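# Got a sequence here, can you model it:
(2 chains, ligands or ions: 1)
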Amino acid sequence: MLDLRMLDYVYTGWGAFWATMFMFVPFALMAYWVIRRKSLVDTGPTGLQPSEFAPLEGIWLTFAFIFFVIANLASLKYIPWAAASASVNGEPEVQVDFTAKSWSYDISNRQIEAGKPVRFSGRASDTQHGFAVYHPDGRVLFTMLMMPNTAKPTSVVYTFTEPGKYKVRCLEYCGIAHHAMQDELTVVKSH
Amino acid sequence: MSIASTIVNGTPIFGKIFSVDRSTGLEEINAWPALMIMSSFVWLVVAGLLGLVMPTTQIFDLSTDHFYTTLTLHGAALTFPFSFQLMMGVGLHRSGGCVGKAVTGWLPALSWLSMNLGAAILTVAVLMGLKVSVVVMFPLPLVGAQMGVWSMESVIVGFTGIYLVLSCMILWYPLLVLKMMFFGKKRAELVLSERSLNDPGMLGMLLAAVTLILTGLPLVVVGTTLLLALYKILPMSLAAWAAEPVVFQYAFYLFAHNLMEAMALMVSSAMYATLPLYLADGSRKLYSEKLANLALWILLVTSVTSGLHHFITFYPNQPAALSYWGNIMSWGTGLGAAISIFTVLATIWQHGLKAGPGIIAVLVGWALYILDGASAIVTSNIVWTYQLHGTMWQSGHFMTVILAMSMMWMGVLYHHYPVLTGRKLDPALGSLYVKMFTVGAFGAAITMLAGGAAGMPRRFAAWNQEGWMIYGDLIMVFGLILGASFVVYLYNMMKSREISAPMGELARA
Ligand SMILES: [Cu+2]
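Numbers count the residues shown, from 1 in each chain, chains lettered A, B, ... in the order given. Below you'll find the model as predicted:
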């Protein structure tokens, strides 16, 4: 059985890093080996006909295609809006509304209970802003993009599991004090 | 002597590096490209120095204003007057020799002028205080002026500069490429290496030119409307639709995203054209031209709409269906890359490689482009983008794609340089450049991706939290190596020696 906790790690920022390396490193080694060998060690033509490459071509492209499909299908359950519909059946959603304005946030509720699905709905009142919630260990849990004048607020659903202080940062460049546009959410144990 | 040659010869230091060899009768192909290439390297020096200022302001805790000023200038200089202009110069030189037509007249002049004048005007605007980053972040320019952070004049000046740069990329340059492909008379004495449109080396250029025009048109309409309103020629009420953030952003990214893809098509076709010239068995043939063309077509078809991945975290304002579409199309470009990987390696495996600094630079740039492609499709996945959008990952991806394409063009330029100037480069310095570039570029790229994975925000003047400064220090180190590699590249050209053989012969060899 596939360990689902491993998948939890794959679909984080660092998981993305290793997924990129998984695609790049074997390619880089292969390319280095081929280029080195055919320019220094054995520079002559191989005499292989294109038809002899065909099976390899098929295998390579099929492998790439299957990897692409699996990497994306396996990610589906982590989509913050797909999780929304699943969560509705269990706990009721907690609503957190916010407005982003250069360079601060107006947040309806900064204290959140762990274990309850939270729907974040936000708007930007002047220019584009972001709303990224950081885990206390420093990684991004999710980020949102808001533009002024939209019909609906930008929204995601997220369920916190661990109590602690969660930093909020704006990740859309919004001018000279962009880096100071920060806030904090407190997640408390559910009672 | 043409105007272009006159300007090159009159430019201090750089003029000497790129002064055209006029003994060959090829001046009509050489002059404007030489001027464009020279100008691109002037901007590279500017962009490179600014790039180093960014980590410096953070490491030494200087004013955050300096960071946002250099951020805007560095991004703009690197992307447009350096990278795009280098592509114009080398690409036009290449297509001139492939179709046997002169690169002369008002189109090359207008392309060069609008790019460099536009970039210079934009620079003035940024120095006047406009700090909006390379992607403008609309409506930030207007909001900043309303808040009194910068002046409305700087916005008008900045938009004028951007508009000129866009006119070069969306209109003058692609029109010039199309004109050379389909109009005018072929002159036998200008044909250096004949190619047809079925050749992947030409097909990519054609697709790129068409992509630039078509995907740029909405932005031209929106941009023209806004600029007319800023100049008060059009009442603001009539321009309000174009000033809607959503309208501007979608028009902007439809173009910005496809600008990168068009540049990728252009450089891929240059690689498919250059690689065969360096095969050990002299066969001058790709493993499969059909497969190479297929990769270009896949890249074109998938990339047109994959730019929707820029707005995934805007849900539900960008509907889920469009985000899934952007996600799938982005990974579709990966299939094009997989085909390109197979074609290039099979070609080398089949025919052997006469390795030299030029072709190795092209291949290293291509490998960097594959790394970039992998990082790009990963961050186009809906789940991953929710954690990476707006982090250093994106800066890493953007910088890497620009560096990869520039490296490939610099490799192709290594091949063209003797034809252009009648002088030959030192292979030892050439391979030193390739080695230093490889360490600097891959190091900087991987560091920035790691910074993004660790949550380090992009365009953010306070790296000194959550332990992010280590990535900043590493960016500085690799940036210095990268900068030094460019110095070696230019030094090599400065020290190049006259070739004794008649150039006309050499060019055709
Ligand atoms: Cu903000």
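# In space, not sequence, find me the middle residue of chain B.
B:Ser83 (3.6 Å; Cα atoms, centre = their mean).
# got any ranges where the chain has weak pLDDT?
Defaulting to chain A. A:1-4, A:47, A:50, A:82-91 (pLDDT under 70).
# You answered for a different chain; I wanted chain B.
Checking chain B against pLDDT under 70 turns up B:1, B:499-509.
# Can you show me the strands along the stretch 1-150 of chain B?
Ranges of strands in the stretch 1-150 of chain B, per DSSP state E, counting those that start in this stretch: none exist.
# The residue nearest to the centre of chain B touches B:Met408, doesn't it?
No: in this structure B:Ser83 lies outside contact range of B:Met408 using Cβ atoms under 8 Å: 10.6 Å. C-betas here are computed from N, CA, C, even on glycine.
# what's the distance between the residue nearest to the centre of chain B and chain A?
Computed as Cβ to the nearest Cβ, to the nearest Å, the B:Ser83 to chain A distance reads 21 Å.
# now B:Leu238
18 Å.
# next one: B:Tyr163
Counting by Cβ to the nearest Cβ, the gap from B:Tyr163 to chain A is 21 Å.
# Let me see the backbone angles for A:Met21.
Dihedral pair for A:Met21: phi -70, psi -30, per degrees, to the nearest 10.
# number of nearby residues for it?
Number of residues near A:Met21 (other Cβ atoms under 10 Å in any protein chain shown) recorded here: 18.
# That one: what's it in contact with?
A:Met21 sits next to no residue when contact means Cβ atoms under 8 Å, 6 or more residues apart in numbering or on different chains.
# and if you look at A:Thr150?
So A:Thr150 contacts A:Arg123, B:Val246, B:Asn317 (Cβ under 8 Å, 6+ apart).
# B:Trp384 and A:Trp14 touch, don't they?
No: applying Cβ under 8 Å, one finds B:Trp384 not in contact with A:Trp14, separated by 10.7 Å.
# between these two, which one's more packed in?
Remark: of B:Trp384 and A:Trp14, B:Trp384 carries more neighbours, 29 against 16, as counted by other Cβ under 10 Å.
# so which strand or helix has the more buried one?
Taking DSSP states H and E as the criterion, B:Trp384 maps to helix B:382-388.
# And A:Leu56, by the same measure?
helix A:50-73.
# In that helix, which residues are buried?
Residues of helix A:50-73 classed as buried: A:Phe53, A:Glu57, A:Trp60, A:Leu61, A:Ala64, A:Phe67, A:Phe68, A:Ala71, A:Asn72 (neighbour count, 16 or more other Cβ atoms under 10 Å in any protein chain shown).
# Which residue comes closest to the second one once chain neighbours are left out?
To tie it back to what came earlier, the one meant is A:Glu57. B:Phe342 (5.6 Å; Cβ to Cβ, 6 or more residues apart in numbering or on different chains).
# sorry, back to before: which helices and strands sit right next to the following helix or strand past the helix holding B:Trp384?
Going down the chain from helix B:382-388, the next helix or strand is helix B:392-421, by DSSP H and E. If you count contacts as 3 or more Cβ pairs under 8 Å, 6 or more residues apart in numbering or on different chains; DSSP states H and E, helix B:392-421 packs onto helix B:14-18, helix B:27-59, helix B:85-99, helix B:245-274, helix B:357-380, helix B:427-453, helix B:469-494, helix B:503-508.
# Can you check which of those helices gets nearest to A:Pro26?
helix B:357-380 (10.8 Å; Cβ to Cβ).
# wait, B:Ala270 sits on B:Gly91?
Yes: with contacts counted by Cβ under 8 Å, B:Ala270 reaches B:Gly91, the gap being 6.7 Å.
# Please identify which of these two sits among more neighbours.
B:Ala270 (28 against 25).
# which residue sits closest to the more buried one in space, ignoring its chain neighbours?
Nearest to B:Ala270 is B:Val412, by Cβ to Cβ, 6+ apart, at 5.0 Å.
# Burial check on the one you found, number of neighbours?
Neighbours of B:Val412 using other Cβ under 10 Å come to 26.
# Then B:Glu28?
B:Glu28: 17 neighbours (other Cβ under 10 Å).
# For it, which non-adjacent residue is closest in space?
B:Ala102 (3.6 Å).
# Can you name the residues that contact the one you found?
Per Cβ under 8 Å, 6+ apart, neighbours of B:Ala102: B:Glu28, B:Ile29, B:Gly96, B:Gly184, B:Arg187, B:Leu190.
# B:Asn30 is in contact with the last one, correct?
Pointing back at B:Leu190 there. No: look at B:Leu190 against B:Asn30 with Cβ under 8 Å: they stay out of range, at 10.3 Å.
# Among these two, which residue is more densely surrounded?
Taking neighbours as other Cβ under 10 Å, B:Leu190 and B:Asn30 compare with B:Asn30 leading, 30 against 18.
# Can you report how many residues lie near the residue lying closest to that one once chain neighbours are set aside?
Nearest residue to B:Asn30, sequence neighbours excluded (Cβ to Cβ, 6+ apart): B:Val20, at 4.5 Å. If you count neighbours by other Cβ under 10 Å, B:Val20 ends up with 26.
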